[in-house]
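>>> build me a model from this:
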Amino acid sequence: MRRGSLALSLTARRSTMDDRMQPASDHVATSARLSAERFAERTDRAGSPLTRGRAPGRTGRIRLLVADDHALLRQALRVLLEAQDGLEVVGEATNGRDAVDAADRLQPDVILMDMVMPGLNGIDATRQIIRRSPGTRVLILTAYLEDERLLQALRAGAAGYVVKSSDLDELLLAIQSVHRGNTYFSTTVSEEIAVNEVLLQSKQPEGKTGYELLTAREREVLQLIAEGLSNQAIADALVISVKTVEAHRAHIMTKLHARNRTDLIRYAIRRGIVSLDGPEAMPARDAV
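Numbers count the residues shown, from 1 in each chain. Alright, predicted model coming up:
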């Protein structure tokens, strides 16, 4: 499994002792300003500067929603993106469910969507958002570089796939490209994955087996089970009864041919619904 770094790679710059003694906020602002100035000298692959693309939203800017469960990355992205002409970050979301709600409320032009988030993962969130707001473009921003995850993203309706090891310039190009109605893959994705084959596969009808048989609610329950929540905790999170949770779990186990919760957790990890890298992959002690 190849993974990108957990943050966007930015060009290292030498700084004087006075610079190093400046407040952290000054460094972030300076970095964002320098990135903006550098990018202003470049043009996108169609030969037009970022600010000369298709007319953005009502404010004259491309309205962005950033969905990622890592606060530091979310805040850094906001600072960097808002330093660019033609972009406006209208909201943030810490998980997939919040992203769906924010998309309904804010109607952004483009959503930067992390793939693995608690509560509701980025793929299922993308699927719900595209169904409710077909005009919204979703750009997956992830640490994972795998053809299966790319396929899942495309089938969910994502317009692009960028790994977090990409630089800021490429992210800006990706935003502009998907906003224009194109599909965008970062350079690393194009180099490591047979993108054309995955695109063709994404357009073929999905076989109704396994995960595809689960309802939207059953997928939510499966993810929460895999994150280690007990039946009561799942009921509280989804505002349903424990008996309803038990019924959903029984249906999920039948459809996935699972014998117990451990099988469901293993399935969720293999599917990429939860990650082994965080505590969400560990079953709770009181799970029943």
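>>> for residue 69, give its distance to residue 124.
14 Å (Cβ to Cβ, to the nearest Å). C-beta coordinates here come from the backbone N, C-alpha and C atoms, glycine included.
>>> so which of the two has more stuff around it?
Between residue 69 and residue 124, counted using other Cβ atoms under 10 Å, the more crowded position is residue 124 (23 against 19).
>>> in three-state terms, label residue 66 for me.
Following DSSP: H, G, I helix; E, B strand; the rest coil, the label given to residue 66 is strand.
>>> doesn't residue 111 belong to a helix?
No - if the criterion is three-state DSSP, then residue 111 is strand and not within a helix.
>>> and stretch 260-272, how far from the chain's centre?
21 Å (Cα atoms, centre = their mean, to the nearest Å).
>>> give the buried residues for it.
Residues of stretch 260-272 classed as buried: 261, 264, 265, 267, 268, 271, 272 (neighbour count, 16 or more other Cβ atoms under 10 Å).
>>> quick one: average pLDDT of that stretch?
Stretch 260-272 shows a mean pLDDT of 89.
>>> one more: stretch 84-97?
Stretch 84-97 comes out at a mean pLDDT of 96.
>>> show me where the stretch 151-288 of the chain has its helices.
168-179, 187-192, 195-203, 216-226, 231-238, 242-256, 261-271 (DSSP state H, counting those that start in this stretch).
>>> okay if I get these as TSV plus distance to residue 96?
Conversion of these to TSV gives the following (distance: least, Cβ to Cβ, whole Å):
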stretch	distance to residue 96
helix 168-179	19
helix 187-192	22
helix 195-203	20
helix 216-226	9
helix 231-238	13
helix 242-256	18
helix 261-271	14
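>>> out of those helices, nearest to residue 128?
Nearest to residue 128, of all the helices of the stretch 151-288 of the chain, is helix 216-226, at 6.8 Å by Cβ to Cβ.
>>> so, low pLDDT: which residues of the protein?
Low-confidence segments of the chain, defined by pLDDT under 70: 1-59, 205-209, 276-288.
>>> and it, what are its domains?
27-203, 210-281 (automatic domain parsing).
>>> most tightly packed of those?
domain 27-203 (a mean of 19; mean count of other Cβ atoms under 10 Å).
>>> just to revisit the earlier point, quick check, nearest of the buried residues of stretch 260-272 to residue 194?
Of these, the one sitting nearest to residue 194 (Cβ to Cβ) turns out to be residue 272, at 18.7 Å.
>>> show me what contacts the closest one?
Applying Cβ atoms under 8 Å, 6 or more residues apart in numbering, we find residue 272 in contact with 115, 116, 121, 123, 144, 146, 148, 149, 152.
>>> would you list those residues in TSV and tack on secondary structure and distance to residue 176?
Below are the contacts of residue 272 laid out as TSV (DSSP: H, G, I helix; E, B strand; the rest coil; distance: Cβ to Cβ, whole Å):
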residue	secondary structure	distance to residue 176
115	coil	22
116	coil	26
121	coil	26
123	helix	24
144	strand	23
146	coil	26
148	helix	28
149	helix	24
152	helix	24
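>>> list the contacts of residue 253.
259, 260, 263, 264.
>>> and of those residues, the nearest to residue 186?
The closest of those, once distances to residue 186 are taken by Cβ to Cβ, is residue 264, at 32.4 Å.
>>> with adjacent residues omitted, what lies nearest to residue 201?
Of all residues not flanking residue 201 in the chain, residue 151 sits nearest, at 6.0 Å (Cβ to Cβ, 6 or more residues apart in numbering).
>>> I figured the one you found hits residue 202, correct?
Yes - in this structure residue 151 lies within contact range of residue 202 using Cβ atoms under 8 Å: 5.7 Å.
>>> about what we covered before: tell me the one of the buried residues of stretch 260-272 nearest residue 179?
Of all the buried residues of stretch 260-272, the one with the least separation from residue 179 (Cβ to Cβ) is residue 272, at 26.6 Å.
>>> could you measure from the closest one over to residue 241?
Counting by Cβ to Cβ, the gap from residue 272 to residue 241 is 29 Å.
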